[in-house]
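Undergrad: Predicted model follows, preceded by the sequence.
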Amino acid sequence: MYDLGIIGAGPAGYVAAERAGHKGMKVVIFDKRHLGGVCLNEGCIPTKTMLYSAKLYENALLGEKYGISCTGVSFDFGKIMDRKDKVVKKLVAGVASKMKLVKAEVIMAEAQIEERKPDHIIIKADGNSYPCKNLLIATGSEAAIPPIKGLTKEKAYTNREILQIKELPKSINIIGGGVIGIEFAGFFNSMGVKVNVFEMLDEILPGIDAEMSTLLRNELKKKGVEFFLGAKVEEVKGNTVVISGKEGQKEVSADILLVAVGRKINSEGFGLEKTGVEFTPKGIKIDNHCRTNIPNIYAAGDVTGFSLLAHTAYREAEVAVNNIVGEKDIMRYDAIPGVVYTNPEVSSVGLTEEEAVKQGIKFKKATLPLAFAGRFIAENEGKNGLIKMITGEKYGEILGVHIIGNPSSEIIYGAAMAIEMQMRVKDLQQVVFPHPTVSEIFKEIAFTF
Ligand code: NAI
């Protein structure tokens, strides 16, 4: 009998296996596709590896600005993609060795929930039965294919297929101006590809503070990305899209087409319906202990539909495991950072200005150019950046922080900690930051309140 069975070996699954193994539990983890899930194999890691090559290339082209002569700068797309594969392989091997270390049994096969007994659940995989006292569902999500005329799963590239292309196209049409669409727009634009982004809303990156989204869109526009806002894709003819918008119908052609209009959770085809697990409109319903409504069945990661981020999945997995072993732990969603890894990066945590208004919260806000941090000027010749902070009107508690500029992805956790620890601006004012760093911008903005 296993203490914990885990279906899905992505960030939620493998972290749960690791934590549970450390706690001495006997763990079995199943995956039908790959160790590491979407994040390691076809999401976070490969895209960030490619985006780093793109950033290096862009920086080399800008070398003169820093007194560095770079002549004949070019890139080898094949080598960029080979390196991406190498990085993925290395990290997947890392997960495999972690599983070994904690003696978690890894079954690379499709798992089926066979039966739920009063005190355990039977999982079938590879022709064998695995009785598990507890079950964690960590089956993740996959790209959603919208019901657009002429669009089929076979024809369109999603985040999965686009990572396997062998040659750069001359142009790309991207349906969806969300995080996936915009990160790929940034990558292809840096590599000299003509990029068209079609977003049906009036601004890209829904959910991100609107001021930041607009600033990023303007930056990408300056670099040559063409945005079609308020543009609903009605039909696809090969790689040509037919959009309807304020100016009527229009056809835009390109060499390839990427569909990035959101995700569909993976909750079907593995016997979940037999368990009686309840759903919300977004995904599997869990409480703040990551428990479903069925005793001993937990869920973590994208399949819960809450935040679709690898780091949320990590934390949900930890919470689930802690609660399984009887250590009370609670999942909180109000200080989860989010990053759009474009150049410049956009990083945020907590409430956006729009959310604060919508929720009727009495707040103060401040914005400050990143140029107030000397290190930003030293390393970002001719570039602008901005930080916005939202605080409670009465006590000055930090509610939200939003940054556009590099390397905001590496410092945003500081703001997440401030929110998590319920810090006020006057607490932040007392923190000593290393000088010179871009992170000093937190202290600078705290003094503007
Ligand atoms: P998304 O939900 O973020 O954005 C999809 C966009 O497509 C929306 O803006 C929507 O208005 C638009 N859209 C939908 N149908 C359309 C149509 N017919 N025509 C034009 N526009 C249309 O979804 P996305 O970008 O696919 O990302 C999925 C998830 O993956 C997100 O929840 C995100 O959090 C996660 N992710 C996170 C990353 C990060 O943290 N850096 C990177 C990549 C993905």
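TA: Great, that's in hand.
Undergrad: Next, name the residue at the spatial heart of this protein.
TA: Leu309 (4.3 Å; C-alpha atoms, centre = their mean).
Undergrad: Output the below-cut-off pLDDT ranges for the stretch 1-150 of the chain.
TA: Nowhere does the stretch 1-150 of the chain drop to pLDDT under 70.
Undergrad: Kindly report the residues of it close to the ligand.
TA: Residues of the stretch 1-150 of the chain lying close to the ligand (C-beta under 6 Å from any ligand atom) are 146, 148. In short, each C-beta sits where N, CA and C put it, glycine included.
Undergrad: quick one, helices of the stretch 1-150 of the chain?
TA: Using DSSP state H, counting those that start in this stretch, the helices found in the stretch 1-150 of the chain span residues 11-22, 37-42, 44-61, 77-101.
Undergrad: repeat for the stretch 151-300 of the chain
TA: Under the criterion DSSP H, counting those that start in this stretch, the stretch 151-300 of the chain contains helices at 179-190, 210-222.
Undergrad: low pLDDT regions in the stretch 201-350 of the chain?
TA: Regions of the stretch 201-350 of the chain meeting the criterion pLDDT under 70 are absent.
Undergrad: Point out the residues in it that sit beside the ligand.
TA: So far as C-beta under 6 Å from any ligand atom goes, the stretch 201-350 of the chain lies against the ligand at 201, 206, 232-233, 260-263, 308-309, 338-341.
Undergrad: I'd like the residues you listed written out as CSV, with distance to Val193 added.
TA: Shown next, in CSV, are those (distance: C-beta to C-beta, whole Å):
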residue, distance to Val193
Leu201, 24
Pro206, 24
Lys232, 24
Val233, 19
Ala260, 15
Val261, 20
Gly262, 23
Arg263, 24
Leu308, 26
Leu309, 27
Gly338, 26
Val339, 23
Val340, 19
Tyr341, 18
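Undergrad: Excluding sequence neighbours, find me the nearest residue to His22.
TA: For His22, ignoring the flanking residues on the chain, the nearest one in space by C-beta to C-beta, 6 or more residues apart in numbering is Val102 at 5.8 Å.
Undergrad: Check Phe30 too.
TA: Of all residues not flanking Phe30 in the chain, Ala111 sits nearest, at 3.7 Å (C-beta to C-beta, 6+ apart).
Undergrad: could you list every residue that touches that neighbour?
TA: Residues near Ala111 by C-beta atoms under 8 Å, 6 or more residues apart in numbering: 5, 7, 30, 32, 123-125, 270.
Undergrad: ditto for Glu327
TA: By C-beta under 8 Å, 6+ apart, no residues touch Glu327.
Undergrad: Where does this protein get nearest to the ligand, which residue?
TA: Gly178 (1.9 Å; C-beta to the nearest ligand atom).
Undergrad: what's that residue sitting at in phi/psi?
TA: With angles defined as degrees, to the nearest 10, Gly178 sits at phi -90, psi -170.
Undergrad: correct me, but it touches Val259?
TA: No. In this structure Gly178 lies outside contact range of Val259 using C-beta atoms under 8 Å: 11.0 Å.
Undergrad: out of the two, which sits in the more crowded spot?
TA: Taking other C-beta atoms under 10 Å, Gly178 and Val259 do not tie; Val259 has more neighbours (27 against 20).
Undergrad: beta partners for the more buried one?
TA: For Val259, the beta-bridge partners under DSSP bridges are Ile175.
Undergrad: which residue sits closest to Ile121, ignoring its sequence neighbours?
TA: Once flanking residues are discounted, Ile121 sits nearest to Leu135: 4.7 Å by C-beta to C-beta, 6+ apart.
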